[in-house]
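Colleague: mind folding the following:
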Amino acid sequence: MQSILNFFSSGANFVWVLVALIIVWVIAAFNGLVRVRNRAQEAWADIDVQLKRRHDLIPNLIETVKGYAAHEKSVFEDVTKARTQALGAQSAGNKEDMASAENALSGTLKTLFAVAENYPDLKANQNFLALQQELTDTEDKIQAARRFYNGMVMDLNTRIQTFPTNLIASLFKFVPEEFFQTADEAEREPVAVKF
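Modeller: Below is the predicted model of the structure:
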């Protein structure tokens, strides 16, 4: 006990201990910020993977539906155009443009499925059903990836904005990320169910 009192009685030793604790805290805070930022980037990459899967399935789905609904040319053109815009936004790397383009693509896919409803033979076609199931599964995975990404962004942004880690974040230039959200106000409205 006496040796501990002697250690702290000299002011120089106390200062060194305090400096060492501050350095350990800075390292831990920095590593925590890096870890959360990397998880957010990983979550964004997971969204990219699912979107790529969707983009790969769409041409097959269009070709299957085309055989049954040749006179629905504008629907196919709209889906193809939306897919092209989504691929362009994805390669550009702007998250806001990408979210907007992907939301537009989702809207055109709903139109394509609505067209398919008018063709009973198409709805019974095994190839179409398999593609539709794959696309539905992919859409579910995209939604899950978006939710996971938004959770990681929330964690990162919270750490960047709360004291005392905000000091480290500003020192090392960590910036808040944008949430992945829908730009279309109509998608936020409740769905009207009519019988």
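Colleague: residues touching A82, list them.
Modeller: Residues near A82 by CB atoms under 8 Å, 6 or more residues apart in numbering: A101, A104, L105, G107, T108. (C-beta placed from N, C-alpha, C; glycine too.)
Colleague: what's the PyMOL line that selects buried ones from those residues?
Modeller: Paste this into PyMOL to select the buried members of the contacts of A82, with burial taken from 16 or more other CB atoms under 10 Å:
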select buried, resi 101+104+105+108
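Colleague: with the contacts of A82 in mind, which one is nearest to A20?
Modeller: The nearest member of these to A20, counting by CB to CB, is A101 at 50.7 Å.
Colleague: the closest one is in contact with K81, isn't it?
Modeller: No: here A101 does not reach K81: they are 10.5 Å apart, not a contact under CB atoms under 8 Å.
Colleague: quick check: next helix or strand after the one helix or strand in the chain whose mean pLDDT sits lowest?
Modeller: When each helix and strand of the chain is scored by mean pLDDT, DSSP states H and E, helix 2-9 comes last, with a mean of 59. Sequence order places helix 11-66 as the next helix or strand after helix 2-9, per DSSP states H and E.
Colleague: so which elements touch that following helix?
Modeller: Packing partners of helix 11-66 (3 or more CB pairs under 8 Å, 6 or more residues apart in numbering; DSSP states H and E): helix 73-92, helix 95-117, helix 126-161, helix 165-171.
Colleague: got the angle between the longest one and helix 11-66?
Modeller: In this case it means helix 126-161. With axes from the mean of the first three to the mean of the last three CA atoms, to 10 degrees defining the directions, helix 126-161 sits at 160 degrees from helix 11-66.
Colleague: and helix 126-161 with helix 95-117, angle?
Modeller: 160 degrees.
Colleague: can you pull the buried residues of helix 126-161?
Modeller: Of the residues in helix 126-161, those buried (16+ other CB under 10 Å) are 128, 131-132, 134-135, 138, 141-142, 145-146, 148-150, 152-153, 155-157, 159-160.
Colleague: cool, and the shortest one?
Modeller: Across helix 165-171, burial judged by 16+ other CB under 10 Å covers T165, N166, I168, A169.
Colleague: helices or strands next to it in the packing?
Modeller: Here helix 165-171 touches helix 11-66, helix 126-161, going by 3+ CB pairs under 8 Å, 6+ apart.
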